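1. Kindly return the folded structure for what I paste below:
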Amino acid sequence: MESWGKFRRGLRREDQEALDELFRAARLQLAGSAYAARPIPFESIAMCMLLAQHRVIADLQHRVKQLETAHDEDTDNHRVAV
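-> Predicted coordinates:
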C-alpha cells in the first residue's frame, strides 16, 4: 500500500476510501496470497480485490432477487385481494 501513496493522494476523498477498502479486502485473503506465491505480488493482491468485489456483487444479486420475489408475491396478493 505504501507504494500507492502518491496515487492515493491524487484521488478524491471518496475514492481514497474505496481504495483503502480494496486493500483491506486484499489483506483479509493473505493466506491465499501466500499460498499462491506469485512472482509478481500485485497479481495476488489484485485477485484478492477481484474476489472481494465478486462476493459483494453476488450478495447484492441475491438481495435483489429476494426483493423481486417479495415484490412479485406482494403484487400477486394485491391482485387477488382486489
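
2. Just after the least confident helix or strand in the chain by mean pLDDT, pick out the following helix or strand.
-> Lowest on mean pLDDT, DSSP states H and E among the helices and strands of the chain sits helix 30-36, with a mean of 70. Downstream of helix 30-36, the next assigned helix or strand under DSSP states H and E is helix 41-81.

3. Now that next one: average pLDDT?
-> The pLDDT scores in helix 41-81 average 87.

4. Now do that helix: which elements does it pack against?
-> On a contact count with 3 or more CB pairs under 8 Å, 6 or more residues apart in numbering; DSSP states H and E, helix 41-81 meets helix 13-27, helix 30-36. Heads up, the C-betas are built off the backbone N, CA and C, glycines and all.

5. Tell me what angle that helix forms with helix 13-27.
-> 110 degrees (axes from the mean of the first three to the mean of the last three CA atoms, to 10 degrees).

6. Next up, the contacts around the most centrally placed residue in the chain.
-> The residue lying closest to the centre of the chain (CA atoms, centre = their mean) is Gln53, at 2.5 Å. With contact set as CB atoms under 8 Å, 6 or more residues apart in numbering, Gln53 has these partners: Leu22, Ala25.

7. I'd like to know how far the closest residue in space to Met49 that isn't next to it in sequence sits from His54.
-> Using CB to CB, 6 or more residues apart in numbering and skipping residues adjacent in sequence, the residue nearest Met49 is Leu22, 4.7 Å away. Separation of Leu22 from His54 (CB to CB, to the nearest Å): 13 Å.
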